[in-house]
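*Asks:* missing the sequence, but the structure's below:
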């Protein structure tokens, strides 16, 4: 498999670099997801507070029903958009985390030959 000690050392170095790069990509992506989650939670709370304030100020039942319908529609659209964004972030996380592993596997195959 390895012709000499230098090949083994090079292989080991590549594996460590791949693991480090993968961990770094994973950390960066998780931080991005956490920041996005915090931002979404903050905006959601602000939207809910504004809705409750408008609902309290509404004078008629028809106005309250219309306000509730508008809020439900807006909340659903926001949730779908956010779910799509989170899906993209998690997909990106997987791609970035496994990219160094794929590279290391390709190099390992060259050493095996």
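*Replies:* Cool, got the structure. All figures in this text were calculated on a predicted structure; none of them were measured in a lab. Numbers count the residues shown, from 1 in each chain.

*Asks:* helix or strand: which one has the residue nearest the centre of the chain?
*Replies:* Nearest to the mean C-alpha position of the chain, by CA atoms, centre = their mean, lies residue 89 at 3.1 Å. Assigned by DSSP states H and E, residue 89 belongs to helix 61-112.

*Asks:* how far is that helix from where the chain is centred?
*Replies:* How far helix 61-112 lies from its chain's middle: 6 Å, per CA atoms, centre = their mean, to the nearest Å.

*Asks:* same question for stretch 32-42.
*Replies:* The answer for stretch 32-42 is 10 Å, by CA atoms, centre = their mean.

*Asks:* what packs against the helix or strand residue 6 falls within?
*Replies:* Per DSSP H and E: residue 6 is located in helix 5-57. Contacts defined by 3 or more CB pairs under 8 Å, 6 or more residues apart in numbering; DSSP states H and E place helix 5-57 against helix 61-112. C-beta coordinates here come from the backbone N, C-alpha and C atoms, glycine included.

*Asks:* next, the distance between the ends of stretch 47-65.
*Replies:* End-to-end distance of stretch 47-65 (CA to CA, to the nearest Å): 17 Å.

*Asks:* outside of it itself, list whatever touches it.
*Replies:* 67-68, 71, 74-75, 78 (CB atoms under 8 Å, 6 or more residues apart in numbering).

*Asks:* could you do stretch 72-81 as well?
*Replies:* 44, 47.

*Asks:* one more: stretch 26-39?
*Replies:* With CB under 8 Å, 6+ apart, stretch 26-39 has contacts from 85-86, 89-90, 92-93, 96-97.

*Asks:* which one of the residues you listed has the most neighbours?
*Replies:* Counting neighbours by other CB atoms under 10 Å, residue 97 comes out on top of those with 19 neighbours.

*Asks:* state the distance from it to residue 5.
*Replies:* Relative to residue 5, residue 97 is positioned 31 Å away (CB to CB, to the nearest Å).

*Asks:* do the same with residue 49
*Replies:* Counting by CB to CB - residue 49 and residue 5 are separated by 66 Å.

*Asks:* now do residue 74
*Replies:* 65 Å.

*Asks:* that'll do, ta.
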